[in-house]
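Trainee: Show me the folded form of this:
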Amino acid sequence: MEKILIVDDESSILTLLQFNIEKAGYEVITAEDGKKGYELALSEKPDLIVLDLMLPQMDGIEVTKKLRQEKITIPILMLTAKDEELDKIIGLELGADDYLTKPFSPREVIARIKAILRRTEKQTNDTEIKLTIGDLTILPDSYEVFLQEERLDLTPKEFELLLFLMTHRGKVFSRDQLLDIVWNYEYSGETRIVDVHISHLREKIEADTKQPKYIKTIRGFGYKIDNIKETL
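Mentor: Coordinates of the predicted model:
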């Protein structure tokens, strides 16, 4: 039986979700604040987390960030209010898998849970995931990058930066966003470090660093990678 962790500080919503999710055939554990939810995610290892954005002690964004920093890939369905658009976007960028805006119906929550778990099961059953663009291939599970079948020697942060951009293909990220996500606030405000790593990556993966094929600079906004083909 798949286990669902629900984290919400509104007891009425928590009770409603628990009743309906259990009725749908799942085991349910609950928490009423972000700190307890984070601890249960570590100890109970649920198959999915239904996570409210606004929580006492530790909000949903912080819970998501800390779990992803620990390389914990439990899928997260984030619950948000209508006026939390920016936080919702940040939550998705940090690693939430989907979101629902309040008010919502229990039936919709169950449908989202089933859809996310189906995707997760498919990814788990696949032997290896490759992210490919042109002659560049990254193997996330084995921490390897190849250019025209030649293995590249990347530093851990270069690898994390490249992997993040490739797994969020088509999206533009500012230097501040990349600094927060990849460096985890270790160098707060020092966005120059992002440019340095982009430069080093380009030296390793680009034939012409002045006209990059892979990592694009979007003037006034940041960086992105486009047109990635995912091969399973």
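Trainee: how far away is Thr30 from Glu93?
Mentor: 27 Å (Cβ to Cβ, to the nearest Å). Glycine gets a C-beta too; all of them are placed from N, C-alpha and C.
Trainee: try Ala31
Mentor: On the measure of Cβ to Cβ, Ala31 and Glu93 end up 24 Å apart.
Trainee: again, but for Val196
Mentor: Relative to Glu93, and taking Cβ to Cβ, Val196 is found at 22 Å.
Trainee: Counting neighbours, go ahead and name the busier of those two.
Mentor: Applying other Cβ atoms under 10 Å to Val196 and Glu93 shows that Glu93 carries more neighbours, namely 17 against 12.
Trainee: What is the longest helix seen in the chain packed up against?
Mentor: Ordering each helix of the chain by length in residues (DSSP state H) puts helix 106-125 first. The criterion is 3 or more Cβ pairs under 8 Å, 6 or more residues apart in numbering; DSSP states H and E, and the helices and strands that helix 106-125 contacts are helix 11-23, strand 48-52, strand 76-80, strand 98-101.
Trainee: Glu2 is in contact with Glu27, correct?
Mentor: Yes: with contact defined as Cβ atoms under 8 Å, Glu27 reaches Glu2; the gap is 7.0 Å.
Trainee: now Ile13: how far from Leu51?
Mentor: Distance from Ile13 to Leu51, by Cβ to Cβ: 12 Å.
Trainee: Same check on Glu160?
Mentor: Taken as Cβ to Cβ, the span from Glu160 to Leu51 is 23 Å.
Trainee: Equivalent analysis for Lys224, please.
Mentor: Lys224 is 27 Å from Leu51, by Cβ to Cβ.
Trainee: and if you look at Ile89?
Mentor: 15 Å.
Trainee: Looking at the two, which is more packed in?
Mentor: The neighbour comparison of Ile89 against Leu51 (other Cβ under 10 Å) goes to Leu51, with 30 against 13.
Trainee: what pLDDT does the residue sitting nearest the centre point of the chain get?
Mentor: Centroid check for the chain by Cα atoms, centre = their mean gives Gly95 as the closest residue, at 1.8 Å. On pLDDT, Gly95 comes in at 78.
Trainee: I'd assumed Leu67 was in contact with it.
Mentor: Yes: using Cβ under 8 Å, Gly95 is in contact with Leu67, at 7.4 Å.
Trainee: Sketch out the helices for this structure, chain order is fine.
Mentor: Using DSSP H, the helices of the chain run over residues 11-23, 34-44, 60-69, 85-94, 106-125, 156-167, 175-182, 192-205.
Trainee: Kindly reformat those helices as a markdown table containing distance to Thr217.
Mentor: Formatted as a markdown table, the helices of the chain follow (distance: least, Cβ to Cβ, whole Å):
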| stretch | distance to Thr217 |
| --- | --- |
| helix 11-23 | 44 |
| helix 34-44 | 36 |
| helix 60-69 | 26 |
| helix 85-94 | 19 |
| helix 106-125 | 31 |
| helix 156-167 | 12 |
| helix 175-182 | 11 |
| helix 192-205 | 8 |
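Trainee: Quick check: which of these is nearest to Met78?
Mentor: Closest to Met78 of these, according to Cβ to Cβ: helix 85-94, at 4.9 Å.
Trainee: That closest one packs against which elements?
Mentor: Helix 85-94 packs on helix 60-69, strand 76-80, strand 98-101, helix 175-182, going by 3+ Cβ pairs under 8 Å, 6+ apart.
Trainee: what's the least confident stretch among the helices and strands packed on helix 106-125?
Mentor: Lowest mean pLDDT within the helices and strands packed on helix 106-125: strand 98-101, at a mean of 85.
Trainee: Domain map for this structure?
Mentor: 3-125, 130-231 (automatic domain parsing).
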